[in-house]
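Chemist: Okay, predicted coordinates and the sequence, questions at the end:
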Amino acid sequence: MQRLYDFIRRHPTGVDTFWAVVLLGLSGVSVVADPSRGPEQLPAVPIVLGLCLVVALRRRAPEKMLLLAVAAGVAQLVTGVRPSVANFAMLVITFTVATVGERWASRLALVCSLCAAGLSQLRWPDETHGSWVQEVFVVVVMTVPFVLAWVLGDSMRTRRAYFDQLEERAARLEREREAQSKVAVAAERARIARELHDVVAHNVSVMVVQADGAAYVMDAAPDQARQALETISSTGRQALAEMRRLLGVLRTGDARESREYVPQPDVEQIEDLIEQVRRTGLAVDFKIEGTARPLPSGVELTAYRIVQEALTNTRKHGGPDAGASVRLVYFDDGLGLLVEDDGRGAAHELYEDGGADGAGHGMIGMRERVGMVGGTLDAGPRPGGGFRISALLPLKPAD
């Protein structure tokens, strides 16, 4: 059944041609079976053929077929060819034009539908009716099907236009959503690039100072010069690693901002951040597990920003009585972060990839930061209620 329905939808003209052939056959049978139709009814042949053609091509050229149907009706009135089964095509073309035709054609079909029954009654009066009231009643009864066909077709036109408008609006909103998501990602990448630029600039400055100091004490204190060179070597490697991450997100043509560069936050400042959050009324439990040790600047910056964004989301979405916990775990090859709260949690659109309609840009920033250092991030509802963000940041840059 589904295949048949799909075939009918793919071949509308073929289906209409089939019904036109059926209408032609019924018209031929009615002509043969009616003994009252004599040689004077020969003009009925081209009229019937024209009306059958109207049915066959009604969806391919609705306006032209309407004009052909009107011409056939006028020819019937002029030549005296009485209405037959073929005149059903006028009802069909009225519905079709009201559904898919131009507005002028729809109005013309409505006018013809209102006049057809009256003109037919005047041209071929029925002597069996005794009064004009009965004749008016017959005209009204014959007009109703044509008016109903036009009203149904016009309603389908309005409904189809409404759904087309909804589809166009949904497509436009989807394009706007994708554009907003891309703009958010681009803005966040530019901001991360600027922050990493500060880190790289700081490392290069350290290397310059150490190099100047080594050159100054090269002869007087060789041990101090050797220590300075080792510092330059380690700082240079770290700067190269940060530069690789920077080039991964740096966008060509970013406008330079003239502002004062400040030291970037690191893991040690997370405790100060939590104290600041506590002063706003949010209860936060902070724990450090493992042995603390120096970390790459990019990893420290990412860890700080993740904790900052997670606690901000807790204040925004957790509710008035929410509490949070922050855990930093030092592994042999990475740094683990776990930020949880027992509040209401956030909507799904805020933590799925890409956000939704302008929301979730902070989560986009988290994923961008973690991806830059080659880490992984998992965010979502917490069992038992609340929200959880966990991240694993490797101590070495990803290949």
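Modeler: Structure's in. What do you need?

Chemist: how much space is there between the spatially most central residue of the chain and Ala186?
Modeler: Residue closest to the mean C-alpha point of the chain, counted by Cα atoms, centre = their mean, is Glu174 at 2.5 Å. Using Cβ to Cβ, to the nearest Å, we find Glu174 at a distance of 19 Å from Ala186. (Glycine included, C-beta is placed from N, CA and C.)

Chemist: who's in contact with Ala292?
Modeler: By Cβ atoms under 8 Å, 6 or more residues apart in numbering, the contact set of Ala292 is 267, 330.

Chemist: Checking it next. Helix, strand or coil?
Modeler: Assigned state for Ala292: coil (three-state reduction, DSSP: H, G, I helix; E, B strand; the rest coil).

Chemist: Provide the backbone phi and psi angles at it.
Modeler: With angles defined as degrees, to the nearest 10, Ala292 sits at phi -70, psi 140.

Chemist: how close does it sit to Glu340?
Modeler: Counting by Cβ to Cβ - Ala292 and Glu340 are separated by 21 Å.

Chemist: ok, Ala116 touching Val144?
Modeler: No: if you go by Cβ atoms under 8 Å, Ala116 and Val144 don't touch, sitting 11.9 Å apart.

Chemist: Which one's more surrounded, the two?
Modeler: Taking neighbours as other Cβ atoms under 10 Å, Ala116 and Val144 compare with Ala116 leading, 22 against 12.

Chemist: Who are the packing partners of the one helix or strand Glu271 maps to?
Modeler: Using DSSP states H and E, Glu271 sits in helix 270-279. Here helix 270-279 touches strand 283-289, helix 297-317, strand 323-330, going by 3 or more Cβ pairs under 8 Å, 6 or more residues apart in numbering; DSSP states H and E.

Chemist: how far off strand 323-330 does the helix or strand just after the last one point, in degrees?
Modeler: What it means is strand 323-330. Counting by DSSP H and E, the next helix or strand C-terminal to strand 323-330 is strand 334-341. Counting by axes from the mean of the first three to the mean of the last three Cα atoms, to 10 degrees, strand 334-341 points 170 degrees away from the direction of strand 323-330.

Chemist: could you give the angle of strand 334-341 to strand 283-289?
Modeler: Taking the same axes, to 10 degrees, one finds strand 334-341 and strand 283-289 inclined to each other by 160 degrees.

Chemist: The helix holding Glu271 vs strand 323-330, what angle?
Modeler: Using the same axes, to 10 degrees: helix 270-279 against strand 323-330 is 180 degrees.

Chemist: ok, residues contacting helix 270-279?
Modeler: 265, 284, 286, 303-304, 307-308, 311, 315, 324, 326, 328.

Chemist: Just the CA atoms of that helix, as PDB, please.
Modeler: C-alpha atoms of helix 270-279 as PDB (Å, rounded to 0.1, in the frame of the first residue of the first chain):
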ATOM      1  CA  ILE A 270      41.500  28.300  42.400                       C
ATOM      2  CA  GLU A 271      41.400  28.400  46.200                       C
ATOM      3  CA  ASP A 272      41.100  32.200  46.000                       C
ATOM      4  CA  LEU A 273      38.300  31.800  43.400                       C
ATOM      5  CA  ILE A 274      36.400  29.400  45.700                       C
ATOM      6  CA  GLU A 275      36.700  31.800  48.600                       C
ATOM      7  CA  GLN A 276      35.300  34.500  46.400                       C
ATOM      8  CA  VAL A 277      32.400  32.300  45.400                       C
ATOM      9  CA  ARG A 278      31.700  31.400  49.100                       C
ATOM     10  CA  ARG A 279      31.400  35.000  49.900                       C
END
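
Chemist: Run through the stretch 201-350 of the chain and note the low-pLDDT ranges.
Modeler: Applying pLDDT under 70 to the stretch 201-350 of the chain flags residues 201-203, 205-206, 209, 238, 241-264, 279-281, 345-350.

Chemist: rerun at 90
Modeler: For the stretch 201-350 of the chain, the stretches with pLDDT under 90 are 201-270, 272-283, 290-302, 304-323, 332-334, 341-350.

Chemist: count of neighbours near the residue lying closest to Ile288 once chain neighbours are set aside?
Modeler: In space, and not counting its chain neighbours, Ile288 is closest to Leu328: 4.9 Å by Cβ to Cβ, 6 or more residues apart in numbering. By the criterion of other Cβ under 10 Å, Leu328 has 20 neighbours.
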